[in-house]
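Student: heads up, no residue letters with this:
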């Protein structure tokens, strides 16, 4: 009841102010730059707390600090140039009855809408308090086991290949007989994942990390996190987060770990941190990295939620047939068209074999062989790509996805 008394009183005050504005004109509200300054300063304090807790690497903290400091300087300049407010010229005289009617309609509509959609008993929530509540909620989010229990089975999951099932069953027996065989454990992880047994896969990956000890590379920790995320239907659990932190301790530039860290923050109500992770990844490239496409699909929504104005860099187009090839194909029979496609694929394969090429081109070649049903050639291309891209792990990840799609990689 007290709320509605106060709300009614405030409505009368606001209504009077609107009427005076309509009839006499009044000063414009203080410039928006003043509000921007307070928000940016709060963000600066927030990233400092994130750095102290270890959720931001030194590189990401420094990048965010410089970016926010730049915004503070720009807002301060705007505030100085705009002054304390710009006076608005009073409007021409208007009909008092029409003004009063407009005020009543606006106030009544506002009160009615708030009564329907609002929460009169909810207290005000300052920015620092919101951050605190978000962090508390993130710290108390569901664990891996709970998330898996709440993840429904995928209705589109294909039936497992009986040959793969037999192979994985033999791998299980081998690992059981030789528990210290890290190579066998690695094959078992891949086999369980290929069958969609993500929980069994990440349990095997945990055992592999135990055997590898403290010298386990970052990629193995990212593999553990990724398998947990797949098992939980895309959710980044606290256990997956710990695996990601271990990966980034070993390799702060690891692309997969940074992508999933951004996903974790996006899910946890911190779009500002998600945006910083994903923007850096998108702009660093390479354009054919496996995380680029999902970032492009989500970064605009994350940027808007973070209050950022952002235009992603243009996507790099993949080479394809030119206008002459398309025109020629239009008048061909199916057999002739297939021969033309095989010729194009053959030329690409020859060029990659003699001159080398980008990860995107290797992936394109393997996908083409997969579509043509030439599995042996796809398998050879995958082997050649691994040799050619051994110094480009990020590029090799994208080629691996193409090889999996062609059925020649686990």
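Tutor: Thanks, I have it. Keep in mind that what you see is a predicted model, and the values were worked out from it rather than measured.
Student: which stretches of the stretch 1-150 of the chain aren't confidently modelled?
Tutor: Residues of the stretch 1-150 of the chain that meet the criterion pLDDT under 70 lie in 1-9, 11-31, 33, 82-103, 105-107, 109-131.
Student: switch to 80 and redo it
Tutor: 1-37, 39-40, 50, 53-57, 60, 75-135, 138-139 (pLDDT under 80).
Student: how close does residue 193 get to residue 200?
Tutor: With distances taken as C-beta to C-beta, to the nearest Å, residue 193 is found 9 Å from residue 200. All C-beta spots, glycine's among them, are computed from the backbone N, C-alpha and C.
Student: ah, wrong one, I meant residue 273
Tutor: Distance from residue 273 to residue 200, by C-beta to C-beta: 32 Å.
Student: mind listing the helices for the stretch 201-350 of the chain?
Tutor: Using DSSP state H, counting those that start in this stretch, the helices found in the stretch 201-350 of the chain span residues 218-231, 238-250, 255-267, 271-284, 292-305, 323-330, 334-355.
Student: Ok, which of those helices comes nearest residue 72?
Tutor: With C-beta to C-beta as the measure, helix 271-284 is the member of these nearest residue 72 (14.8 Å).
Student: For the stretch 51-200 of the chain, which segments are assigned as helices?
Tutor: In the stretch 51-200 of the chain, the segments counted as helices under DSSP H, counting those that start in this stretch are 58-82, 96-117, 127-139, 144-149, 162-177, 182-194, 198-212.
Student: Nearest to residue 403, out of those helices?
Tutor: Distance to residue 403, taken as C-beta to C-beta, is lowest for helix 182-194 among these, at 12.2 Å.
Student: Just the buried positions in that closest one, please.
Tutor: Across helix 182-194, burial judged by 16 or more other C-beta atoms under 10 Å covers 182, 184-194.
Student: can you check stretch 169-184 too?
Tutor: Buried-residue list, stretch 169-184, by 16+ other C-beta under 10 Å: 171-172, 174-175, 182, 184.
Student: what does it rub up against?
Tutor: Residues outside stretch 169-184 that contact it (C-beta atoms under 8 Å, 6 or more residues apart in numbering) are 185, 187-188, 191, 204, 207-208, 211-212.
Student: neighbours around residue 38, how many?
Tutor: The tally of other residues near residue 38 (other C-beta atoms under 10 Å) stands at 11.
Student: Next: residue 390.
Tutor: For residue 390, the count of nearby residues is 9 (other C-beta under 10 Å).
Student: Would you mind confirming that it makes contact with residue 396?
Tutor: Yes: look at residue 390 against residue 396 with C-beta atoms under 8 Å: they come within range, at 7.4 Å.
Student: In contact with residue 37, which residues?
Tutor: 72, 75-76, 79.
Student: and which of those residues is nearest to residue 237?
Tutor: So of those, ranked by how close each gets to residue 237 (C-beta to C-beta), first place is residue 72, at 35.5 Å.
Student: contacting residues for that closest one?
Tutor: If you count contacts by C-beta under 8 Å, 6+ apart, then residue 72 has 37, 40-41, 44 around it.
Student: Repeat that for residue 189.
Tutor: Residue 189 makes contact with 201-202, 204-205, 208, 223, 227, according to C-beta under 8 Å, 6+ apart.
Student: The same query, at a cut-off of 6 Å, please.
Tutor: Under the criterion of C-beta atoms under 6 Å, 6 or more residues apart in numbering, the contact list for residue 189 reads 201, 204-205.
Student: Perfect, that will be all.
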